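K.L.:
let me see the structure of the following:
(one chain, ligands or ions: 1)
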Amino acid sequence: MAVNTELDWGNPFAISFHLVRPRCAGCGRRFYRKHNRRQSLRENYAAHGCELPAQWIDQNICPSCYNDLAVARCCLTGEAFPAAQNQYHRYVTEFRGDLSPDHGYGGLTGALSPAGLAKVQAQHANVMALLAHWSLGAKYETLPGFRIVRRLGPVRQENGLDSMAEVQAELKRRTAQRGGNGYICFYWEKKIHWSSETYVRGYGPRGNPWYGTRHIRHDTFTGQAEAVQAVPIV
Ligand SMILES: [Zn+2]
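P.N.:
Numbers count the residues shown, from 1 in each chain. Predicted coordinates:
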């Protein structure tokens, strides 16, 4: 921090005012006056329609205690809750991968309350159960051995993958995210890509390399299907 050259060193009151930093009402530590979150905390509670607890009214609050005391709005339930209980990181690390991209909870952004996380967990368990009780994926409009009870619309894999098996696995995952346990009307496409690379073909009498060009083929697969709910025919 730059030395304040404009300080009036002849005035003891000015010096002490400059040196004494406020003490945080939360943790008791001193902090720089410019980092005071007193007003931010008041505004944060007001913005969420919450009443600031009396013990924090007009108190000095450091940035770290502000993070513990502030309230946040859950992006799923809409409720205000203590921001320190935000579950968004757990959502991202434990659940989002299995719900993205086709489940409605696959792309949540913002703060997530413990109640919001519980909803995500329940939906995640549903998706896992659908995968565990998977019926079939088929090319035609029927699933042998199963009766289709509901059609849920298309699922697509549009980014090219390395094999058809990977496309089928992805469509299965997306079907479960849509609430289905099977898919019909499976259709896939293969694209052939060529690239070329230069390589050393050999060496001339003076040791100079001869170059050749090699063409490399790489296939990618895409596909789509219609997600369905199916029950076994007994
Ligand atoms: Zn503090």
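K.L.:
helices or strands up against the longest helix seen in the chain?
P.N.:
Longest helix of the chain, by residue count under DSSP state H: helix 114-132. Here helix 114-132 touches helix 96-99, helix 164-177, going by 3 or more CB pairs under 8 Å, 6 or more residues apart in numbering; DSSP states H and E. C-betas here are computed from N, CA, C, even on glycine.
K.L.:
how is this structure carved up into domains?
P.N.:
14-69, 73-132, 137-232 (automatic domain parsing).
K.L.:
most tightly packed of those domains?
P.N.:
Across the domains of the chain, averaging neighbours per residue (mean count of other CB atoms under 10 Å) puts domain 73-132 on top, at a mean of 17.
K.L.:
ends of it, how far apart?
P.N.:
Criterion CA to CA, to the nearest Å; first-to-last residue distance in domain 73-132 is 34 Å.
K.L.:
quick check on Pro22: phi, psi?
P.N.:
phi -70, psi 150 (degrees, to the nearest 10).
K.L.:
so what's it closest to, chain neighbours aside?
P.N.:
Asn60 (4.1 Å; CB to CB, 6 or more residues apart in numbering).
K.L.:
what secondary structure does the one you found sit in?
P.N.:
Under DSSP: H, G, I helix; E, B strand; the rest coil, Asn60 falls in the coil class.
K.L.:
quick one: contacts for it?
P.N.:
Shown in contact with Asn60 (CB atoms under 8 Å, 6 or more residues apart in numbering): 22-25, 31, 36, 38.
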